[in-house]
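Q: Attaching a predicted model along with its sequence, questions to come.
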Amino acid sequence: MATLTTSDGTTLFYKDWGPKDAQPMVFHHGWPLSADDWDNQMLFFLAQGFRVIAHDRRGHGRSDQTDTGNDMDTYAADVAALAEFLNLRDAIHIGHSTGGGEVTRYVARAERGRVAKAVLIGAIPPVMVRSEVNPDGVPPEVFEGFRAALMSNRAQFYRDVPGGPFYGFNRPGAKVSQGLIDNWWRQGMMGGAKAHYDCIAIFSETDFTDDLKSITVPVLILHGEDDQVVPIANSAHKAIKLLRDGTLITYPGLSHGMFATHPDIINADLLAFVRSA
């Protein structure tokens, strides 16, 4: 099992497939999942000749179940440690949901030459929670409900989320995949409850406005118009206005987990972006 140890002694699991001299693509998973959430995309881009990499965020998957360091600055520092450890140059970083926040924070601070492009899929930036400065954000009570459900019965909560809003399986006529639901539950239950609990505040309250403004590399934003978890009006529609070199593609009727439910559509748009000049 491939691992690295960070400066604070945390062991992180990662996957690293493909030619080591090929352009790297680094995939960043959402809450409360793991690198396994990207299996389809990693196999697809491996077949296209890329080096594909994904890690389990601290407290998630096979990485250490830390009770500290569950904050966006530390998550980004862990990515920087991974990039240095694997000597990644001109990498393309792709993040989903909370992973999109991680990509945004990391890319904004990355060493020159480390990053070529970035992709945010159903991502949380600029900021999710409703406040005086973000009056149309998601009400704080929603995230309090997440915390209460996690504490009360994490195992059931981790069935209800993918079985409902995450993949849009609660919509009339939705084609439900029990495999996706079970795989979501499996990944979630691998991680640590304390890290997952802490991360609810991180993905809902972290403000990425300044990070978005400071990114100089090209950024592609992909977002489902029926995203019930990260509403598009409060995320992608705002984030694109803050980027210097951003492209936005939206998908009518698609959900928060659209790269899993519709990989052929998403992979094609990702490939076009990574191969563009």
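A: Nice, I can see it. Keep in mind that this is a model prediction, so the values were computed, not measured.
Q: Tell me how many other residues crowd M190.
A: Using other C-beta atoms under 10 Å, M190 has 17 neighbouring residues. No exception for glycine: its C-beta is placed from N, CA and C like everyone else's.
Q: can you pull the pLDDT of it?
A: pLDDT for M190: 98.
Q: likewise A54?
A: On the pLDDT scale, A54 gets 98.
Q: Can you list the strands that the helix or strand harbouring it pairs with?
A: A54 belongs to strand 51-55 when elements are defined using DSSP states H and E. Sheet pairing of strand 51-55 (DSSP bridges) gives strand 11-17 (antiparallel), strand 24-28 (parallel).
Q: could I get those as CSV with mean pLDDT and mean neighbour count?
A: Listed next are the strands paired with strand 51-55 as CSV, based on pLDDT from 0 to 100; neighbours: other C-beta atoms under 10 Å:
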stretch, mean pLDDT, mean neighbour count
strand 11-17, 98, 18
strand 24-28, 99, 27
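Q: So which of those is nearest T74?
A: Shortest separation from T74 across those is recorded for strand 11-17, at 11.3 Å, computed as C-beta to C-beta.
Q: Switch the strands paired with strand 51-55 over to a markdown table; also include distance to E144.
A: Output for the strands paired with strand 51-55, formatted as a markdown table (distance: least, C-beta to C-beta, whole Å):
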| stretch | distance to E144 |
| --- | --- |
| strand 11-17 | 30 |
| strand 24-28 | 26 |
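Q: Just give the number of residues close to P135.
A: For P135, using other C-beta under 10 Å, the count is 7.
Q: Which pLDDT does the model give it?
A: So P135 comes in at 94 (pLDDT).
Q: Equivalent analysis for S214, please.
A: Looking at S214, its pLDDT is 98.
Q: ok, now which ones touch the nearest residue to it once chain neighbours are set aside?
A: Distances taken as C-beta to C-beta, 6 or more residues apart in numbering put A108 closest to S214, at 4.8 Å, once the chain neighbours are dropped. Listed by C-beta atoms under 8 Å, 6 or more residues apart in numbering, the contact set of A108 reads 210-212, 214-215.
Q: what's the closest of those residues to C199?
A: Out of these, the member with the shortest distance to C199 (by C-beta to C-beta) is D211, at 17.6 Å.
Q: With L4 as the reference, measure out to the closest one.
A: Remark: distance between D211 and L4 (C-beta to C-beta, to the nearest Å) = 24 Å.
Q: the more surrounded of those two?
A: D211 (22 against 17).
Q: What sits closest to A81 if chain neighbours are left out?
A: T6 (5.1 Å).
Q: and the one you found, how many neighbours does it have?
A: T6 has 20 neighbouring residues, counting by other C-beta under 10 Å.
Q: now Q41
A: 22.
Q: And for the one 5 residues further on?
A: Using other C-beta under 10 Å, L46 is surrounded by 16 other residues.
Q: What does the pLDDT read for it?
A: At L46, pLDDT is 98.
Q: ok, and what's touching the helix or strand harbouring it?
A: Following DSSP H and E, one finds L46 within helix 39-47. Helix 39-47 is contacted by residues 15, 17-18, 25, 27, 52, 54, 94, 259-260, 263, 266-267, 270-271, 274 when judged by C-beta under 8 Å, 6+ apart.
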